[in-house]
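Colleague: got a predicted structure plus its sequence, pasted below:
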Amino acid sequence: MPHNLSIVLVTPEIPTNTGSIGRLCLATNSTLHLVDPLGFEITDSRVKRAGLDYWKYLQIVRHKNLEAFFDSLPPEAPTTFFSTKAKTSVFEQKFRQGSYLIFGCETKGLGKELLEKFSEHTFKIPQYDDRVRSLNLANAASIVVYEAIRQLGP
């Protein structure tokens, strides 16, 4: 796996988003990390339908909570967080091999404490119309993963 990216979903709520992101992970040879609690069962048919028949080939790592996820990270692992509240554009981020791309749940995003603690590592996807609160989680993950791959090379 040349770029060794990981997409981390913190307490995702919508099974079709997770399924679509799983499919993205397989297409880009990335690992999917799911941080519990999930808003659905992983066996939910909507997850599998969005991931189609690819789900069984996906590299998935489950974490019982956010603390367990952070405990599992290798030393000096490059972590990048995403939030509509960030000040800096994702296009200013310099991705590194083995980056962990961390997204919050669909309705709340990442928690305030987490965003404050990692503010220097938190980025947003630019939006050019204030009427849009945020992008769909699966769309956001796709934009970020392909920007990282563009920088790192396929």
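Modeller: Alright, I've got the coordinates.

Colleague: pLDDT weak spots in this protein?
Modeller: Counting by pLDDT under 70, the chain has low-confidence residues at 1-2, 44-53, 154.

Colleague: how about the helices in it?
Modeller: Along the chain, counting by DSSP state H, helices occupy 15-28, 45-51, 66-72, 112-117, 137-152.

Colleague: and the fourth one, what's buried?
Modeller: Read it as helix 112-117. Buried residues in helix 112-117, counted by 16 or more other CB atoms under 10 Å: 114, 115. C-beta coordinates here come from the backbone N, C-alpha and C atoms, glycine included.

Colleague: so which elements touch that helix?
Modeller: Contacts defined by 3 or more CB pairs under 8 Å, 6 or more residues apart in numbering; DSSP states H and E place helix 112-117 against no helix or strand at all.

Colleague: pull the distance from that helix to the chain's centre.
Modeller: From the chain centre to the centre of helix 112-117 is a distance of 17 Å (CA atoms, centre = their mean, to the nearest Å).

Colleague: now swap in the third one and tell me
Modeller: Relative to the mean C-alpha coordinate of its chain, helix 66-72 is positioned 15 Å out (CA atoms, centre = their mean).

Colleague: what of the last one?
Modeller: For helix 137-152, the distance between its averaged C-alpha position and the chain's averaged C-alpha position is 9 Å (CA atoms, centre = their mean).

Colleague: tell me the angle it makes with helix 15-28.
Modeller: Between helix 137-152 and helix 15-28, the angle comes out at 20 degrees (axes from the mean of the first three to the mean of the last three CA atoms, to 10 degrees).

Colleague: how about the helices of the chain, which one is nearest residue 35?
Modeller: When the helices of the chain are compared by CB to CB, helix 66-72 sits nearest residue 35, at 5.1 Å.

Colleague: could you export the closest one as CSV, CA atoms only?
Modeller: Written as CSV, here are the backbone C-alpha positions of helix 66-72 (Å, rounded to 0.1, in the frame of the first residue of the first chain):
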residue,chain,number,x,y,z
LEU,A,66,-11.9,7.4,21.1
GLU,A,67,-9.3,6.8,23.8
ALA,A,68,-8.8,3.2,22.5
PHE,A,69,-8.2,4.6,19.0
PHE,A,70,-5.6,7.1,20.2
ASP,A,71,-3.9,4.3,22.3
SER,A,72,-3.7,2.2,19.1
